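In: just the structure for this:
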Amino acid sequence: MLPTREEAEKILKEAEKCNPGAWSNHSRITACCAEKIAEKFDGLDSEKAYILGLLHDIGRKFGVSHLRHVSDGYSYMMSLGFDEAAKICLTHSFNSQTLDDYIGRFDTTKDELRLIEDKLKSIEMNDYDRLIQLCDSLAGSEKILNIEERIADVKRRYGQYPQEKWNKNLQLKQYFENKIGKDIYTVVGKDHFKI
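Out: Below is the predicted model of the structure:
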């Protein structure tokens, strides 16, 4: 189940008040990219893609955190009955479906970490999961970036970026380009995007 677009936008605005920061514009840019790609992708609903992109980092509502934003977002969305958004909160950071290539601090409790590990093992990734992972790797906080720019930004902030994760992001880009037959940067309007 998902909130409506209007409900999702309200959820994000309320979350911004709790923890203002660049993450909220990053979420909006992720949503816009997801919507545009889904419009061209047979079998994906662009409205759903937008909502999932908008809420993928909603766990940041609860303060500055690293891995904890994943479990916070999952638990928060589940508490509202939005299981599809909860799944995206969980999967957006793990394109290999393991914690092995997570970038950032492990700032969860043991129970939160166990929740993430257990859910990742049982989840079957679909094209919405892959789409938000891709769009997360395109969205800066002010504009759309190419994947290499975004990776450099993350590497600058966290000190590292695993090569396997880098490769997976490029594979996701290729996957969606093959499916829609167009350059992703053109589809999302990278060079003229305004938030």
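
In: ranges for the helices of this protein?
Out: Applying DSSP state H to the chain gives helices spanning 5-18, 22-40, 46-55, 68-79, 83-91, 110-122, 127-136, 147-158, 163-180, 184-187.

In: low-scoring pLDDT stretches of the protein, where are they?
Out: Within the chain, not a single segment meets pLDDT under 70.

In: could you pull up the residues touching residue 96?
Out: 164, 165, 168 (Cβ atoms under 8 Å, 6 or more residues apart in numbering). (C-beta placed from N, C-alpha, C; glycine too.)

In: neighbour-wise, which of the residues you listed leads?
Out: Among the contacts of residue 96, residue 165 has the most neighbours (other Cβ atoms under 10 Å), with 22 neighbours.

In: what's the nearest residue to that one if we skip its chain neighbours?
Out: Computed as Cβ to Cβ, 6 or more residues apart in numbering, the closest residue to residue 165 that is not its neighbour in sequence is residue 101, at 4.3 Å.

In: residues near that neighbour, how many?
Out: So residue 101, with other Cβ under 10 Å, has 17 neighbours.

In: show me the contacts for it.
Out: 94, 95, 162, 164, 165, 168.

In: same check, this time on residue 83
Out: Counting by Cβ under 8 Å, 6+ apart, residue 83 has contacts 1, 77.

In: now residue 140
Out: Going by Cβ under 8 Å, 6+ apart, residue 140 touches 26, 29, 149, 150, 153.

In: for residue 55, state which of the contacts of residue 101 is nearest.
Out: Closest approach between those and residue 55, by Cβ to Cβ: residue 94, at 16.6 Å.

In: in space, what's closest to that closest one - neighbours in sequence excluded?
Out: residue 120 (5.9 Å).

In: who are the neighbours in contact with that neighbour?
Out: Residues counted as contacts of residue 120 (Cβ under 8 Å, 6+ apart) are 90, 91, 94, 97, 98, 99.

In: mind putting these into CSV with neighbour count and distance to residue 126?
Out: Shown next, in CSV, are these (neighbours: other Cβ atoms under 10 Å; distance: Cβ to Cβ, whole Å):
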residue, neighbour count, distance to residue 126
90, 24, 13
91, 24, 9
94, 22, 14
97, 14, 12
98, 11, 18
99, 15, 20
